[in-house]
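1. predicted structure and sequence below. I'll ask about it afterward.
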Amino acid sequence: SPYSIDKSTLGTISVASESCNDGCPASSKCVGNQAAGQLIEDSDCHPCSASGQTWWPCDVPGLCWCWKDGTDRIAPAPPSGLEVDTS
């Protein structure tokens, strides 16, 4: 890919994980993505990381994500299909 990202120029990233299905990392919690096109509350997403729920909303890509506490709450962007070199 002709595009590369200099990670040193980025601030603190709010996305700890794009999905809560495998649990969320420390200092983060599973929250709903209100920009995903479906009415979703944070409480709807809690079972995705807490108990491994596999049905709605946990089975909808991009609907629940792990947000890093103390950062701006900006949900992950939908996939573009482009390969990104993060090395």
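-> That came through fine. Residues are numbered from 1 along each chain as shown.
2. any idea where the strands of this structure begin and end?
-> 15-17, 28-32, 64-68 (DSSP state E).
3. just these: most buried one?
-> Stretch with highest mean neighbour count among the strands of the chain: strand 64-68 (a mean of 25; mean count of other Cβ atoms under 10 Å). Backbone N, C-alpha and C define where each C-beta goes, glycine included.
4. please list the outside residues in contact with stretch 52-65.
-> 15, 17-21, 30-33, 36, 38, 40, 44-45, 47-49, 75-76, 78 (Cβ atoms under 8 Å, 6 or more residues apart in numbering).
5. out of these, which end up buried?
-> When the contacts of stretch 52-65 are checked for burial by 16 or more other Cβ atoms under 10 Å, the buried set is 15, 17-21, 30-33, 36, 40, 44-45, 47-49, 75-76.
6. quick one: which of those sit in helices?
-> D44, C45, P47, C48, S49 (DSSP state H).
7. as CSV, those residues with distance to W56 and pLDDT would be great.
-> Shown next, in CSV, are these (distance: Cβ to Cβ, whole Å; pLDDT from 0 to 100):
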residue, distance to W56, pLDDT
D44, 8, 96
C45, 10, 94
P47, 10, 94
C48, 10, 92
S49, 15, 89
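8. which of the residues you listed sits closest to K68?
-> S49 (13.5 Å; Cβ to Cβ).
9. just confirm that closest one contacts S28, I think it does.
-> No - the criterion here is Cβ atoms under 8 Å, and S49 misses it with S28 at 9.1 Å.
10. now do the shared contacts for these two.
-> Common neighbours of S49 and S28 (Cβ under 8 Å, 6+ apart) are C66.
11. helices and strands of this protein: which one has the lowest mean pLDDT?
-> Ranking every helix and strand in the chain by mean pLDDT, DSSP states H and E puts strand 15-17 at the bottom, with a mean of 69.
12. who touches C48 in this structure?
-> S19, C20, N21, C30, P57, C58, C64.
13. from those, pick the one nearest E83.
-> Using Cβ to Cβ, the contacts of C48 come closest to E83 at S19, 19.7 Å.
14. brilliant, that's me finished.
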